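> can you look at this prediction? I've put the sequence above it.
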Amino acid sequence: MSQTAIFHYGSYELSLPNIDTSLVRDYNDRLSDFLADKSTYKIAIIEINYTKPELTRSQLHQLAVCNRVIVKSMEIDAAILELITDFDRPNFTFVLNGFLNISLQHATVDSEIDWINSTAFPYQHEWQEHTQNRIRAFKTKAYMFDVLYGLEKPHRKFVKDQLQTTDPAWFYQSPFFLTGSGSRNFLSLNFDQTDLWEDEIEISSEWNYQCRYLNREMRISQVLPFKIYKKTAYTLVLETWADNRYSFFTEKIVKPMLACRLFVVISGQYYLQNLRKLGFQTFDSVIDESYDLEPADHIRWTKAIEQAEWLCQQPQQDILPKIAAIVLHNYKILNNLSYAKVNQHAETFLIQHGCYRT
């Protein structure tokens, strides 16, 4: 009988349908018991604790002796990147919500696109008719681009400054959100501006970044802004981060894809290139997307804005037919993305060590 022990910690669902669980000692999240186990083979699966990264670092130091350590992260930022490089070891596998643009020497890296999958799912499987009735993807609109700023960050402030002198009919812009304090005031989300928010949103009384929408609990950032899309033809995506070392894909990119829209992205270098690795298409047949290859931030963002401004000078009725095949392709790809990578890596390890169903 195989002697294999497993530890798993995090909010993901551990599902191992091809594994004979009677051959595995499952310690769940009991770290001390797992560390004391004397099994021949040991595998640990851990999701990064985003509010207490020091806890994750402590756990990983203790788990580093395992045969396999799978680390899942729905987020990527500078601190998480530092943790990844610190544990760049042959027995580590990192499953990330995006791509690294730097190379690790020893660890394995894979992608599981959580934000894209979780945002797309209800719109494609529960609210499809509701969505299709509202997006009006191939109708001309009053404004060219929507620009939804979110929290103020350097790349977003740069865009805001650059757009000050543009034609007011070109860009429909939201205000910045303001940081607040306390669990009930995490962000000031400009709820008094009803043209920014869908009428069906019910804000959580505990945390105003969480809401109930069409009978589903979700992050308010994952609600498609149909009112805004009704006014605008295209989207200028201002991603969460604009770091050249990685591409972090969030709900900000999936929302225009769900609404079958052209997008121009303000983010780090290779963002579009990495998006295409997932099977999506971008709009290099319509605009110059070489901005994606530019390493200098301000030059890259300026080039992206210039392409948006060029589109603003073209009749929408000329551009919309040119993007139809691309946006419909992307909508279809959203429904066929591979995920559950954590479970796949765990099953591979367990099968290699004799724990498979016969």
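Sure, I can see it. Because the structure is predicted, anything quoted here is derived from the model rather than measured. Numbering: from 1, shown residues only.

> quick one: the helices in the stretch 251-358 of the chain?
Ranges of helices within the stretch 251-358 of the chain are 251-258, 271-277, 297-312, 316-334, 341-352, based on DSSP state H, counting those that start in this stretch.

> of these, which is nearest residue 141?
Closest approach to residue 141 among these is made by helix 316-334 (7.0 Å; C-beta to C-beta). C-beta here means a position set from N, CA and C on the backbone, and glycine is covered the same way.

> now the helices of the stretch 251-358 of the chain as TSV including mean neighbour count and mean pLDDT?
Formatted as TSV, the helices of the stretch 251-358 of the chain follow (neighbours: other C-beta atoms under 10 Å; pLDDT from 0 to 100):
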stretch	mean neighbour count	mean pLDDT
helix 251-258	24	97
helix 271-277	20	97
helix 297-312	18	98
helix 316-334	16	97
helix 341-352	19	95
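
> same list (those helices) but as TSV, adding distance to residue 130.
Shown next, in TSV, are those (distance: least, C-beta to C-beta, whole Å):
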stretch	distance to residue 130
helix 251-258	12
helix 271-277	26
helix 297-312	28
helix 316-334	15
helix 341-352	30
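
> can you tell me the closest non-neighbouring residue to the residue nearest the centre of the chain?
Centroid-nearest residue in the chain: residue 250, 2.6 Å away (criterion: C-alpha atoms, centre = their mean). Nearest residue to residue 250, sequence neighbours excluded (C-beta to C-beta, 6 or more residues apart in numbering): residue 115, at 4.6 Å.

> correct me, but the one you found touches residue 254?
Yes - Residue 115 is within contact range of residue 254, at 7.0 Å (criterion: C-beta atoms under 8 Å).

> and the residue nearest to residue 250, what element?
Following DSSP states H and E, one finds residue 115 within helix 114-125.

> what is the orientation angle of the very next helix or strand once past that helix with helix 114-125?
As assigned by DSSP H and E, the chain's next helix or strand after helix 114-125 is helix 128-135. Helix 128-135 runs at 100 degrees relative to helix 114-125, counting by axes from the mean of the first three to the mean of the last three C-alpha atoms, to 10 degrees.
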